[in-house]
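Engineer: Build me a model from this:
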Amino acid sequence: MSEQPSFFTFHLFAARFASHAEAELFAFEQWEAEPGPEASDAQYQAWEDSNPSWRLAQELGLHLDSDFIELLPRGEYPRYLESLISSEAERQRLHSQIAGDHSHFILVASAALDDQQPALQGTTTLDYLGLFNPILP
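Structural biologist: Presented below is the predicted three-dimensional model:
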């Protein structure tokens, strides 16, 4: 008996970055160097308050769990992304939304949002491609 593949719910964004390094700086948390032992309590507290910085979470205006975020260079599309989508209709929708100049895709699994389903949209950096594999009530 073969098992059916399991699919998870995710939001997909596309973006245009000049390099993969620039995409990583946007998509993932960034930490400044921790202050040394000579730092005052106030300096250490200021460091804690400003770290990590995370442009993706800032632009979306959401708290995200970084364990459930995936950055995909365009070269990994379409085969990998298509393998994550359960329905042919959603795969066709994906094809119709991708622009030729998208360099990267950012996959935000619903688990990154504590399984909440906020109404998401594009930002100045991101084109929102939609919700895939939604759990129907």
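Engineer: can you give me the helices in the chain?
Structural biologist: For the chain, the helices defined by DSSP state H cover 20-27, 41-50, 55-60, 79-83, 88-97.
Engineer: With distance to Asp67 and mean neighbour count added, can I get those helices in a markdown table?
Structural biologist: Where you see a C-beta, it was placed from the backbone N, CA and C, and this is true even at glycine. Formatted as a markdown table, those follow (distance: least, Cβ to Cβ, whole Å; neighbours: other Cβ atoms under 10 Å):
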| stretch | distance to Asp67 | mean neighbour count |
| --- | --- | --- |
| helix 20-27 | 13 | 16 |
| helix 41-50 | 21 | 11 |
| helix 55-60 | 13 | 18 |
| helix 79-83 | 19 | 13 |
| helix 88-97 | 24 | 13 |
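Engineer: Which among those is found nearest to Ala111?
Structural biologist: helix 55-60 (14.8 Å; Cβ to Cβ).
Engineer: Run through who's touching that closest one.
Structural biologist: Residues from elsewhere that reach helix 55-60, judged by Cβ atoms under 8 Å, 6 or more residues apart in numbering: 25-28, 63-64, 69, 106, 108, 120, 123-126.
Engineer: Dump those residues to CSV, plus pLDDT and distance to Ile85.
Structural biologist: As requested, those are arranged in CSV below (pLDDT from 0 to 100; distance: Cβ to Cβ, whole Å):
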residue, pLDDT, distance to Ile85
Leu25, 96, 28
Phe26, 97, 24
Ala27, 97, 20
Phe28, 96, 24
His63, 88, 26
Leu64, 93, 21
Ile69, 96, 18
Ile106, 97, 16
Val108, 95, 15
Leu120, 89, 17
Thr123, 94, 23
Thr124, 95, 27
Thr125, 97, 23
Leu126, 97, 19
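Engineer: now, among the residues you listed, which is nearest to Phe10?
Structural biologist: Of the contacts of helix 55-60, the one sitting nearest to Phe10 (Cβ to Cβ) turns out to be Val108, at 6.2 Å.
Engineer: Without its sequence neighbours, what residue ends up closest to that closest one?
Structural biologist: Among residues not flanking Val108 along the chain, His11 sits closest, at 4.5 Å (Cβ to Cβ, 6 or more residues apart in numbering).
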